[in-house]
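Engineer: fold the following, please.
(one chain, ligands or ions: 1)
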Amino acid sequence: MIVEDKRARKWHSQTDLIQAGFLAEWSEGAIRPPIFPNTTYLSKSAEELERAFRIAYGLCKPDPEMPPVLMYNRINHPNAEICEDRLSLATGSEACALFSSGMAAIDTLLFTLNSGDTILHSRPVYGGTNHLIKEELVRFGINNVSFGPDDDYNDINKIISKANSKNLAIVYVESPANPTNTLFDLELCGRIAKEHKALFVVDNTFLGPMWQNPTKFGADLVVYSATKFIGGHNDVLSGAITGSKKLISEIKARRGIKGNIASPFSSWLLTRSLEDLFLRTKKQMENAKKIAKFLNKHPNVTNVYYPSLFEGKQGQIYKKLGIKPGAMIPFEIKGTKREAYLFLNNLKLVKLAVSLGGTITLAEHPHSMTHIGVSDKDKIESGINESLIRLSVGLEHYKDIIKDLDQALYKIYAK
Ligand code: PLP
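Structural biologist: Now for the predicted structure:
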């Protein structure tokens, strides 16, 4: 049913996000894709259904010129495919796979493409990813080593040599990193991956697909918690991976076995969210720029980690990457955990909640919440300290957000 709409390639990526991959003729003239909740599909012939199973179980390769066969929702379904087509066209990648969550995407990727024995990852990474790499993958004999933003080419190669790896499988980089907005030189990371014949994977969740394109720096795969900026309305849990047709088809085969594809309803919600992705995240960023400036001058704030304010090496990397600063503002308040909690507990408009990238402004304490499972050593090395607050800026009027942050910041030291 879903065929590649070749005409869509003529349009701008912002147009693709709204119209690609769906023809109204497919659905009684409805201009928006309906939800297809059914689990199984009518086949044109027994031969066609056999071919679909052969592809699903890796017994034969899909023919890129043939439309994918729809047969069972665990393998693929129209709502996922429409969204996948739009996201891959808009990000200039060949293919995309949707998942039931960001963690489902990362888990499937790391288990599917592990042809080696070691993962090299940037530090810090999201708490769930950290747990997966450090606690789960090691049980399957996959080791890990990490590097920080100040490590250069020689340092990283020394880290790899020390790991005694026979075969480095993946260089996994989160940039900007959750929760600190730490930036990594993606060109350097890509070069190192290539030299070691490892796959180069970038988690682009913290900026989202509008403000950074890691494929420019040689990323083989880009992963997203689509729960964040892509979904953007704090109402859909999902993940996405973009990359070459070859790698994505391997990942999709594994997804079909694991059964962790995004549901039709989640995929439909994501498709709707893609339509305002550009405008929504642009406005969030405009808000964030003003809020970062405000926080930077506040007497009860000691540090603000917003990319356009970065100086020194991080400032150089920001310029080199040519990215935009986004809508995440990690900042340190004057004080420690007690003051951080006083601040969070006194917020009125901004919500004390995890997750990020949505229309509602959210704040949390990474040290004791999202990143609680990260080792003390890694927390110290990554700057995840007890005075750090992670703020995700939404679409409320920026003056109201500032008013709320200001009153909560003053409550910390109120008599
Ligand atoms: N990657 C990053 C950078 C994240 O921030 C998150 C969640 O916060 C994930 C992956 C996992 O995504 P999900 O919560 O959708 O499983």
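Engineer: residue of the stretch 201-350 of the chain nearest the ligand, please.
Structural biologist: Per Cβ to the nearest ligand atom, S225 is where the stretch 201-350 of the chain lies closest to the ligand, at 3.0 Å. All C-beta atoms are positioned from the backbone trio N, CA, C, and that covers glycine.
Engineer: which residues touch stretch 297-305?
Structural biologist: For stretch 297-305, contacts defined as Cβ atoms under 8 Å, 6 or more residues apart in numbering pick out 180-182, 292, 295-296, 329-335, 387, 406, 409-410, 412-413.
Engineer: filter the residues you listed down to the buried ones, ChimeraX style.
Structural biologist: Applying 16 or more other Cβ atoms under 10 Å to these, the buried members can be selected in ChimeraX as follows:
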select :180,181,182,292,295,329,330,331,332,333,334,335,387,409,412
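Engineer: related to what we said a few turns ago, for the residue of the stretch 201-350 of the chain closest to the ligand, what are phi and psi?
Structural biologist: phi -80, psi 100 (degrees, to the nearest 10).
Engineer: give the closest residue to it in space, chain neighbours not counted.
Structural biologist: Among residues not flanking S225 along the chain, G102 sits closest, at 2.7 Å (Cβ to Cβ, 6 or more residues apart in numbering).
Engineer: wait, I160 sits on L168?
Structural biologist: Yes - applying Cβ atoms under 8 Å as the test, I160 and L168 come out as touching, 6.2 Å apart.
Engineer: what do the two both touch?
Structural biologist: 118, 120, 196.
Engineer: how far away is the spatially closest residue to the last one that is not a sequence neighbour from S115?
Structural biologist: Take H196 and drop its neighbours on the chain: the residue closest to it by Cβ to Cβ, 6+ apart is L168, 4.4 Å away. From L168 over to S115 the distance is 10 Å, taken as Cβ to Cβ, to the nearest Å.
Engineer: how about K166?
Structural biologist: 11 Å.
Engineer: quick check on the two: which one has the bigger neighbour count.
Structural biologist: Neighbours were counted for K166 and for S115 using other Cβ atoms under 10 Å; S115 has more, 11 against 8.
Engineer: identify the residue nearest the more buried one in space, chain neighbours excluded?
Structural biologist: That would be A169: by Cβ to Cβ, 6+ apart, it lies 5.8 Å from S115.
Engineer: can you name the helix or strand that that neighbour falls in?
Structural biologist: Taking DSSP states H and E as the criterion, A169 maps to strand 168-174.
Engineer: who does that strand pair up with?
Structural biologist: Partners of strand 168-174 in the sheet, by DSSP bridges, are strand 118-122 (parallel), strand 199-203 (parallel).
Engineer: what's the offset of the last one from the middle of its chain?
Structural biologist: In this case it means strand 199-203. 11 Å (Cα atoms, centre = their mean, to the nearest Å).
Engineer: show residues contacting the lowest-mean-pLDDT helix or strand in the chain.
Structural biologist: Within the chain, no helix or strand scores below helix 46-56, which has a mean of 89 by mean pLDDT, DSSP states H and E. With contact meaning Cβ under 8 Å, 6+ apart, helix 46-56 is reached by 43, 59-62, 69, 71, 75, 253, 256.
Engineer: okay, who's weakest in these by pLDDT?
Structural biologist: Ranked by pLDDT, those bottom out at P62, which has 72.
Engineer: what's the distance between it and the ligand?
Structural biologist: According to Cβ to the nearest ligand atom, to the nearest Å, P62 and the ligand sit 27 Å apart.
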